[in-house]
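> can't give you the sequence, but here's the structure:
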C-alpha cells in the first residue's frame, strides 16, 4: 500500500502529473466570479461560501479521470490487480493520493481565496473545516466514478455526469456549514451530517469501487 | 504440480473462446502456448493470472503465486528505470532489484526515465519486473515482442534461471525459445458456438 501511495504522489508532482492544476482552476473560478457578479462586496460576501464550495468541487472533478485511467492505459492496473494487494486497498490508496494532491491543497488555499470573495470573518474557520471534512468524500466518490468508467475512451464527460449527482449531499451540507459559520449561526447539524457522509463514503464505497473495477478489468 | 488447469472454459466478452482446457505445469518446466491469433491465448493467460474468473472448470495453484506480464509493460514514463522496478519489488514485499537489472543489462540505464527508453528497452524492463516479484509461476503473453535477438537470448536465459530455481512458466509465444518444456496447441480447445439458454447471459 505505502509504495503505491508514494509512487502516486511522486507521479503527481513530476512533469505532466497535474499537481496544482486543480488549485489553479479553483483560483481562476474564484477570480472570475467578481467579474461576473460585479463589485458589490456585500453580495459577494453572501454568495462566497457557496461559490468557494462549488469551485472546490469542480476543481476536484477536473482530475478524477486521471485516478485510474493512466494506470489502465499503461497496463499497471492489470499488474496491480495481480499483485498481493487487495483491490479495496488499491482504490482506497488511489483516493487518498488524489485527496493529498488535489483536496488538501484546496483546503489550505480556500481561506486565501475567501479574501477574494469578501467572505465574512467568522466564516474562514468554518469554510476550512467544512472543506477538510468534505473533500475526502469528493475524492472517494470520484474514485468510484473513475472505476466505473475505466477503460472507456473519452470517459471523462461520462465520469462527470455520473459523479456530480453523487456530490450533491456533500455540497449541500458542506456549503451549509460554511454559510452558517459565516453568518454566525450554529453549525452543529450540517457539520455532523457532512462528517457522517464522509465517514460512510470512506467506509463503504471502496468495496463498490473494487467490485466494479474487477468487472471492468475482465 | 505447481499449476493445474482442469477442464477450464474461458470467456472473452461473455462468449466462450476455449473450452475443456486441461494442462499440468510441474516445477522446473515451461509450457509454451501456441495457436493462431485470436484463438484465446491472452484470455487463457488472463484467467490464469486471476484477472477474470473461468466460466467452468478449476484452476489450482494460481492463487497469489502468479507473476503476469501482458502486452503492456506497466511502466510509468516519468519514473526512472530503477524507480519503476523498485516500486514493483516493494508492491510484492521485496526490495532487491540488482539481479533483475543485470539479467536484462539495464544497469547503465538505471537513472534514465522509462519514457525515454526504446521499445525493446521498455520490454526488457517490463520482463525484469517478473524477477523482482519473487513469484514462482510466470505467466507471459508474447514476451518477445520488440526484442532483438540478443535480448531474446537474455530473456531465455532469465526464464531458464527461473526454472532452475524451481519456478515454472506459462508462455504464449510464436518463436522458439529453446526452453525445457512442452508446447500446447490451444486451437484444439476452440469453443463450439453455443446457443444461449438464458436470456440474461447475452448481457453478462
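Cool, got the structure. Model, not experiment: these values are computed from the prediction.
> So the residue of chain A found nearest chain B versus residue B:82, what's the distance?
Nearest to chain B in chain A, going by C-beta to the nearest C-beta, is residue A:75, at a distance of 2.6 Å. Quick note: C-beta positions are derived from backbone N, CA and C, even for glycine. For residue A:75, the distance to residue B:82 equals 19 Å [C-beta to C-beta, to the nearest Å].
> And for residue A:91?
27 Å.
> Could you do residue A:8 as well?
Where residue B:82 is concerned, residue A:8 sits at a distance of 18 Å (C-beta to C-beta).
> ok, back up a step: so between residue A:91 and residue B:82, which is more surrounded?
residue A:91 (26 against 19; other C-beta atoms under 10 Å in any protein chain shown).
> for the longest helix along chain A, what is the average pLDDT?
Secondary structure of chain A read by DSSP state H shows that its longest helix is helix A:188-217. In this model, helix A:188-217 carries a mean pLDDT of 94.
> try stretch A:117-137
Mean predicted confidence for stretch A:117-137 is 92.
> Kindly report the same for stretch A:62-70.
Rounded mean pLDDT across stretch A:62-70 is 88.
> again, but for stretch A:27-41
90.
> Give me the buried positions along it.
A:27, A:29, A:30, A:33, A:34 (16 or more other C-beta atoms under 10 Å in any protein chain shown).
> nearest to residue B:126, of these?
residue A:27 (39.7 Å; C-beta to C-beta).
> Let me see the contact set for the closest one.
A:109, A:113 (C-beta atoms under 8 Å, 6 or more residues apart in numbering or on different chains).
> Confirm it sits in a helix?
Yes - under DSSP: H, G, I helix; E, B strand; the rest coil, residue A:27 falls within a helix.
> Now the longest helix of chain A: buried residues?
By neighbour count on 16+ other C-beta under 10 Å, the buried set for helix A:188-217 is A:190-191, A:193-195, A:197-198, A:201-202, A:205-206, A:208-210, A:212-214, A:216-217.
> Settle this for me: residue B:62 is touching residue B:50, isn't it.
Yes - using C-beta atoms under 8 Å, residue B:62 is in contact with residue B:50, at 6.1 Å.
> What is the nearest of the buried residues of stretch A:27-41 to residue B:124?
residue A:27 (43.6 Å).
> Give me the phi and psi for the closest residue to chain A within chain B.
Per C-beta to the nearest C-beta, residue B:72 is where chain B lies closest to chain A, at 2.6 Å. Phi and psi for residue B:72, reported as degrees, to the nearest 10, are phi -90, psi 140.
> domains in chain B, as residue ranges please.
B:1-65+B:136-204, B:73-131 (automatic domain parsing).
> touching chain A at all, the first one?
Yes - Domain B:1-65+B:136-204 comes into contact with chain A (C-beta under 8 Å from any C-beta of the partner chain), by way of B:46, B:49, B:50, B:51, B:52, B:64.
> for the closest residue to residue A:96 other than its chain neighbours, what are its contacts?
Of all residues not flanking residue A:96 in the chain, residue A:5 sits nearest, at 6.4 Å (C-beta to C-beta, 6 or more residues apart in numbering or on different chains). Applying C-beta under 8 Å, 6+ apart, one finds that residue A:5 lies in contact with A:93, A:96, A:97.
> likewise residue B:1?
B:24, B:25, B:26, B:60, B:61.
> from memory the third one sits against residue B:2, does it?
Yes - at 6.3 Å, residue B:26 counts as touching residue B:2 under the criterion of C-beta under 8 Å.
> quick one, which of these two is more surrounded?
A direct count of neighbours by other C-beta under 10 Å for residue B:26 and residue B:2 places residue B:2 higher, at 18 against 12.
> Now the common contact residues for residue B:26 and residue B:2.
Common neighbours of residue B:26 and residue B:2 (C-beta under 8 Å, 6+ apart) are residue B:168.
> The residue lying closest to residue B:161 once chain neighbours are set aside: how many residues sit nearby?
The shortest distance from residue B:161 to any non-neighbouring residue, by C-beta to C-beta, 6+ apart, is to residue B:103 (7.4 Å). Here the number of neighbours of residue B:103 (other C-beta under 10 Å) works out to 18.
> and chain A, which of its residues are near chain B?
A:2-4, A:7, A:10-11, A:14-17, A:73-76, A:78-85, A:217-218.
> again, only this time at 7 Å
Within reach of chain B by C-beta under 7 Å from any C-beta of the partner chain, chain A has these residues: A:3-4, A:7, A:10-11, A:14-16, A:74-76, A:78-79, A:81-85, A:217-218.
> filter the residues you listed to the buried ones?
Buried among the residues of chain A next to chain B (16+ other C-beta under 10 Å): A:3-4, A:7, A:10-11, A:74-76, A:78-79, A:81-83, A:85, A:217.
> Any chance of the backbone angles for residue B:68?
Torsion angles, degrees, to the nearest 10, at residue B:68: phi -110, psi 140.
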